[in-house]
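[1] this one's sequence-less:
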């Protein structure tokens, strides 16, 4: 019996443990995970410079510096984003299963019934504690770092998607990881994904 296709999209607030949770889901279901390293894979397959692509990934875009002609955009930021979107669409189209972190995946892959989209948030104080420990920062530094990271994610997402980043209407499930911790949140999400797989 052919295994069902499964795509899990994980959006997350910085410091929520969302990336660790996504990795846990990938490990549990035996799936590859695509995150910021996705560009390295794309670069290798297309014989491009991965570092050059990464320099334009999720950065602030100035629409006044570039123009679109016949559907083609001269913005390197948009072209890098499109490379990732097209790569994920190709993977989904051929029936691959995978976990993807961010990359507007809950929107660009919405047409697939096998998609389970999740957003992981958390309490500011708990997220700050996590960032302080991981990056050896003061609480003030951690809060400022979190704010800047989430600002960039929000700007990136909202540029390519109609529904705002973090808006619960954009996801199958939004969850606060501060309530159950990373491990407890992961186990809860596994139960949810299992239930979704059963009705796919």
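    Happy to help now that I have it. This one's a predicted model, so the numbers in the text were calculated from it and none came from an experiment.
[2] beyond the helix or strand harbouring residue 174, next helix or strand please.
    Secondary structure assigned from DSSP states H and E places residue 174 in strand 173-176. Scanning the chain past strand 173-176 towards its C-terminal end, the next helix or strand to appear is helix 177-198 (assignment: DSSP H and E).
[3] related to what we said a few turns ago, how about the strand holding residue 174: buried residues?
    174-175 (16 or more other CB atoms under 10 Å). Every C-beta, even on glycine, is put in place using the N, C-alpha and C of the backbone.
[4] got a list of contacts for that strand?
    Among residues not part of strand 173-176, those counted as contacts by CB atoms under 8 Å, 6 or more residues apart in numbering are 116-123, 166, 168, 185, 188-189, 192.
[5] so what's the residue count around residue 103?
    Here the neighbour count serves as a burial measure; for residue 103 (other CB atoms under 10 Å) it reads 25.
[6] what do you get for residue 81?
    By other CB under 10 Å, 22 other residues sit near residue 81.
[7] does it touch residue 160 like I think?
    Yes - in terms of CB atoms under 8 Å, residue 81 counts as a neighbour of residue 160; the distance is 6.4 Å.
[8] run through the bridge partners of the residue nearest to residue 105 when sequence neighbours are not counted.
    Taking CB to CB, 6 or more residues apart in numbering as the measure, residue 105 lies nearest to residue 9, with 4.0 Å between them; neighbours along the chain are not counted. Taking DSSP bridges, one obtains residue 100, residue 117 as the residues bridged to residue 9.
[9] got any residues that touch both of residue 81 and residue 160?
    residue 104.
[10] mind listing the strands for the protein?
    7-12, 33-34, 68-69, 72-73, 98-101, 115-121, 173-176 (DSSP state E).
[11] want to throw those into a markdown table with mean pLDDT and distance to residue 27?
    Listed next are these as a markdown table, based on pLDDT from 0 to 100; distance: least, CB to CB, whole Å:
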| stretch | mean pLDDT | distance to residue 27 |
| --- | --- | --- |
| strand 7-12 | 98 | 12 |
| strand 33-34 | 95 | 9 |
| strand 68-69 | 44 | 41 |
| strand 72-73 | 46 | 37 |
| strand 98-101 | 97 | 9 |
| strand 115-121 | 98 | 16 |
| strand 173-176 | 98 | 18 |
